[in-house]
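[1] any chance you could fold what I've pasted below:
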Amino acid sequence: MPIDFPELSFDLALNPHATPDAPYGPRQLGVLDEARLDAAHRSISSWPGYAPTPLVALPGLAKAVGIGMLHYKQEAERFGLRSFKPLGGAYAVERCLTRVLTEQSGRTDIDTRSLLDGEHAQAVSDVTVTAATDGNHGRSVAWGARMFGCRCVIYINESVSRAREAAIAAYGAEVRRHPGSYDDAVREAFAVARREGWHVIPDTTDGEVVQAPRDVTQGYALMAAEALEQLADERAPTHLFLQAGVGGMAAAVCAEFWRAFGPKRPLTVIVEPKQAACWHASLITGAPTAVTGDIDSFMGGLACGEVSALAWEILEPGAHATLALDDAAAAATMRILAAGVHGDPCLVGGESGVAGLAALLTVAQDPEARETLGLSPDARVLVFGSEGATDETMYEQVVGRPWHEVAS
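    So this is what the prediction gives:
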């Protein structure tokens, strides 16, 4: 392959429980339907600074890997937070505040505009929201809390970088570092919230707390809806390579393309780090399966050991395949994006954000994997660059140039 990409091992499996010909049914509608997406779109599009993020064609890289077309949805500057996450966490904060204030006051006219205008500032300031994060979700929740005026406490695990901790604190949140993994931080956030009467804004659920993670997923779906609109004059993609931590983003994108195309939807591949491949294990076994031990990954935002029960409702039947990836693939992909290939624009992509593209570049080198996934010379692939340089120091160490030089 005429790009500098290493040959790396990977674990690829078809999902034995996929139902590619099934309609978008009741299980999926319970997570994401048109009315909920419309509500999220109305709210988020009214926030200061909202604009659809670019959908970038990469014909040079597509030619290099032997496919027909490649599109990259660039989330690196979404609301200035350098990831897609504001669509989920901040929207869930808004929905939480609306529910709390409606219950307290009995009013039915509390909406996005009245919250943004500070009409309920005193009541909002008495509310505390909390979340666990490996970086981007917590930053989104903190940003949303600052935008709407409530208190915010964010839990991070011990492997989260100091740069990401500082980025969260910059939005006024109190940041608490908890021993163990991301999943341990999730449990701690829930435990403290129950004791203190706080409101948890998780991006995952074990099936008991569903409202906030459902709101998160609905916000994420706007990213996919934008992509569909941007692709309106193009031939539909044949493949989606979607990175997954707990699975909220992947589920939202899968759901939107399932709703749009039904049985003709793109073949959807779920991508994870090898050491944190909870979706790989779960889809193969047909039941949510936790991955234990050391799950830390260079792709820190994907270092999750347990799948979200809400995402499971969509991805268990909706994902066609699962791929567990070597960390080195993400680093190599960051450098390839930054350099541009055969006239493609230079793009800033973060460690977790490039995972879907890294999976494509990995399997494109393997004839058997290409055949398994139907990755022909006519394939049209869509990936989501879900984060930019959220850790500037790490980005420069990997790429060899500062992010702003690549982006200029």
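
[2] can I get the helix or strand hosting residue 101 in CSV, CA atoms only?
    Under the criterion DSSP states H and E, the helix or strand holding residue 101 is helix 89-105. Presented in CSV, the C-alpha positions along helix 89-105 are these (Å, rounded to 0.1, in the frame of the first residue of the first chain):
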residue,chain,number,x,y,z
GLY,A,89,-23.1,15.6,27.4
ALA,A,90,-24.1,19.3,27.2
TYR,A,91,-27.5,18.4,25.6
ALA,A,92,-28.1,15.9,28.5
VAL,A,93,-27.3,18.7,31.0
GLU,A,94,-29.9,20.9,29.3
ARG,A,95,-32.5,18.1,29.4
CYS,A,96,-31.7,17.4,33.1
LEU,A,97,-32.1,21.0,34.1
THR,A,98,-35.4,21.3,32.2
ARG,A,99,-36.8,18.2,34.0
VAL,A,100,-35.6,19.3,37.4
LEU,A,101,-36.9,22.9,37.1
THR,A,102,-40.2,21.7,35.6
GLU,A,103,-40.7,19.3,38.6
GLN,A,104,-39.8,22.0,41.1
SER,A,105,-41.9,24.8,39.6
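
[3] can you list contacts of that helix?
    Outside of helix 89-105, the residues that reach it under the criterion C-beta atoms under 8 Å, 6 or more residues apart in numbering are 40, 43-44, 47, 79, 107-108, 110-112, 115, 120, 123-124, 127, 129, 131, 137-141, 143-145, 147-148, 150, 199, 201, 203, 211-213, 215-216, 218-219. Yep, even glycine has a C-beta here, placed from its N, CA and C like the rest.

[4] send me stretch 167-183 as CSV with only the CA atoms.
    In CSV, the C-alpha atoms belonging to stretch 167-183 read as follows (Å, rounded to 0.1, in the frame of the first residue of the first chain):
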residue,chain,number,x,y,z
ALA,A,167,-9.2,21.2,30.0
ILE,A,168,-12.2,20.0,32.1
ALA,A,169,-11.4,22.3,35.0
ALA,A,170,-11.1,25.2,32.6
TYR,A,171,-14.9,25.2,32.2
GLY,A,172,-15.4,25.7,36.0
ALA,A,173,-15.9,22.0,37.0
GLU,A,174,-14.5,20.5,40.1
VAL,A,175,-12.4,17.5,39.0
ARG,A,176,-11.9,14.5,41.2
ARG,A,177,-9.4,11.8,40.3
HIS,A,178,-10.5,8.3,41.3
PRO,A,179,-8.3,5.1,41.5
GLY,A,180,-8.8,2.4,38.9
SER,A,181,-10.4,2.4,35.5
TYR,A,182,-13.0,4.5,33.7
ASP,A,183,-15.7,2.0,34.9
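
[5] re earlier: out of the contacts of helix 89-105, list just those in helices.
    Secondary-structure check on the contacts of helix 89-105 using DSSP state H: residues within helices are 40, 43-44, 112, 115, 123-124, 137-141, 143-145, 147-148, 211-213, 215-216, 218-219.

[6] picking up where we left off before, hmm, which of the contacts of helix 89-105 are the buried ones?
    The neighbour-count test (16 or more other C-beta atoms under 10 Å) marks 40, 43-44, 47, 79, 110, 112, 115, 120, 123-124, 127, 129, 131, 137-141, 143-145, 147-148, 150, 199, 201, 203, 212-213, 215-216, 218-219 as buried among these.

[7] so which bits of the helix or strand harbouring residue 405 are buried?
    With secondary structure defined by DSSP H and E, residue 405 is part of helix 403-407. Neighbour-count burial for helix 403-407, counted by 16+ other C-beta under 10 Å, picks out 403, 406.

[8] list the helices and strands that helix packs on?
    Counting by 3 or more C-beta pairs under 8 Å, 6 or more residues apart in numbering; DSSP states H and E, the packing neighbours recorded for helix 403-407 are helix 392-399.

[9] what residues does the helix it packs on touch?
    161, 163, 331, 334-335, 338, 348, 350-351, 389, 402-403, 406.

[10] ok, 10 Å please
    82, 161-164, 167, 298, 300, 330-332, 334-339, 348-351, 388-389, 391, 401-406 (C-beta atoms under 10 Å, 6 or more residues apart in numbering).

[11] what's the PyMOL line that selects buried ones from those residues?
    The following PyMOL selection, which keeps only the buried ones among the contacts of helix 392-399, applies the criterion 16+ other C-beta under 10 Å:
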select buried, resi 82+161+164+167+298+300+330+331+332+334+335+336+337+338+339+348+349+350+351+388+389+391+403+406
